[in-house]
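Undergrad: Need coordinates for the below:
(4 chains)
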Number of protein chains: 2
Amino acid sequence: MGKGDATREIILDEAAGLARQVGLGGLTIGSLATRTGMSKSGLFAHFGSKEAMQLQVLDHETDRFTSEVVRPALSAPRGEPRVRALFEGWLAWDSADGGCPLVAAAFELDDQPGPVRDRLLHNQRDWFDTLATIASTGVAEGHFRPDTDPRQFAQDIEGIMLAFHVASRLLSDPDAAARAHRGLDALLAAAAAPAAP
Amino acid sequence: MGKGDATREIILDEAAGLARQVGLGGLTIGSLATRTGMSKSGLFAHFGSKEAMQLQVLDHETDRFTSEVVRPALSAPRGEPRVRALFEGWLAWDSADGGCPLVAAAFELDDQPGPVRDRLLHNQRDWFDTLATIASTGVAEGHFRPDTDPRQFAQDIEGIMLAFHVASRLLSDPDAAARAHRGLDALLAAAAAPAAP
DNA sequence: GCTTCTGACGAACGATCGTGCTAAAAAGGA
DNA sequence: TCCTTTTTAGCACGATCGTTCGTCAGAAGC
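TA: Here you go, the predicted structure:
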């Protein structure tokens, strides 16, 4: 990794932190340059355009999300434990400062067509598929009833996560996490295969 | 209502439409002036500052939300029918172009301190209370089990709404609404009071 | 040693940002 | 109708936006 790649990584880290506060659209070359102690033009040269920078920030955060949340969860035992691991990982991830940047981007870009939205859409589809796949793994393991709809499960669990996000981050509700856990328990209980007698 | 108030109403309508696309922070006096066919300074004079304008846009949309979603639902019979009415009303409201602007604002401002966030926080607390109140009304009516936690119910139902928002608006999933309905059914079934024998 | 390439900088560009100030136009009550 | 108040436009301001360009120190290759 050359010097260029190293500083670009630093820039992306800083950019992600800034984007978590002001959104991807609120990212500014000038403020980012000040933050990193670089000149505007020196920083700009790394990307060539603001849009290219936004795309790289998006990819950067998606990679981080994959390695910090998704991959660890996939090393948990298949079925219900894996669902719980993913859920816990996500809660921790969203509780870090600024919250999940991808969630913020999803609500920011839902009505702004363009390459950035396209990229995010692709990532979010992958995420939704991951949720559904983990759910259907639970069925295959015999943890969940055979008629469980994986995509229904995916949308339900995502709802619990999103409600936690707003309850904890905006409303500062100290019970948000407890309720999220209770929501997940209810979801798992409803999907649970009847105990073999 | 004098002429000033009338045009200010027009401006706020237009501003809300724009904010649904680009967010409250993305609102711009210049673009708003172009949209309404006014001069920048003429438009600006109605508000005195950009922040004051954002606050009025927020109030404007909150009022609209109250009269288009909350109030109609409150005229439905108490208990479960009222929950369903509120839910249906919200789904329709969020399916209009741009989606629910308050949801977008909630995710945009969760990390941006200031008067605008404070106002939004206040509104969102009211909304959460409304959800909880309607839930506890269901308990009082005997539709829901006595041990139903109204605030748990509120966070759960909000999760279903938020998951619908992203599934339908970003992912363009045609099954989003159907899953939201199934999610609500499951929630209501879990809370339902056991039928009197 | 000299050359070449890379990474960063400073200055400047036109455009647009939010915000004043002043004057004209419009509205409304007498 | 006249007069006052309200509403709008015009113009200008400093700041900042994204972007381009020429330059230059230092690392790398020969």
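
Undergrad: Smallest gap between chain A and DNA strand D, at which residue?
TA: At 2.4 Å from DNA strand D, residue A:30 is the closest residue in chain A, using C-beta to the nearest atom of the strand. Using the backbone N, CA and C atoms, a C-beta is placed for each residue, glycine as well.

Undergrad: quick one: what helix or strand has the residue most central in space within chain A in it?
TA: Relative to the mean C-alpha position of chain A, the nearest C-alpha, by C-alpha atoms, centre = their mean, is the one of residue A:102, at 4.8 Å. Assessed by DSSP states H and E, residue A:102 sits inside helix A:101-109.

Undergrad: Quick check: next helix or strand after that helix?
TA: helix A:115-140.

Undergrad: Show the subsequent helix or strand relative to that next one.
TA: helix A:150-165.

Undergrad: could you give the angle of that following helix to helix B:101-109?
TA: Counting by axes from the mean of the first three to the mean of the last three C-alpha atoms, to 10 degrees, helix A:150-165 lies at 70 degrees to helix B:101-109.

Undergrad: Can you give the distance from helix A:150-165 to the centre of its chain?
TA: 12 Å (C-alpha atoms, centre = their mean, to the nearest Å).

Undergrad: average pLDDT across that helix?
TA: Confidence over helix A:150-165 (mean pLDDT, whole number) is 98.

Undergrad: for stretch A:108-123, same thing?
TA: According to the model, stretch A:108-123 has a mean pLDDT of 96.

Undergrad: list the buried ones in it?
TA: A:108-111, A:116-117, A:119-121, A:123 (16 or more other C-beta atoms under 10 Å in any protein chain shown).

Undergrad: Need the max-distance pair from the residues you listed.
TA: A:111 and A:123 (17.5 Å; C-beta to C-beta).

Undergrad: List of residues touching the helix holding residue A:102?
TA: Contact with helix A:101-109 is made by A:16, A:19-20, A:23-25, A:58, A:61-62, A:65, A:94, A:98, A:116-117, A:120, A:123-124, A:127, A:161-162, A:165, B:23, B:103-104, B:107-108, B:110, B:165-166, B:170, as judged by C-beta atoms under 8 Å, 6 or more residues apart in numbering or on different chains.

Undergrad: now residue A:186, what's its secondary structure?
TA: helix (DSSP: H, G, I helix; E, B strand; the rest coil).

Undergrad: what residues are up against it?
TA: B:156, B:190.

Undergrad: lowest-pLDDT helix or strand in chain A?
TA: Across the helices and strands of chain A, mean confidence by mean pLDDT, DSSP states H and E is lowest for helix A:3-22: a mean of 92.

Undergrad: List the buried residues of that one.
TA: A:8, A:11-12, A:14-16, A:18-22.

Undergrad: how about the residues of chain A near DNA strand C?
TA: A:2-5, A:7, A:37-43, A:45-46 (C-beta under 7 Å from any atom of the strand).
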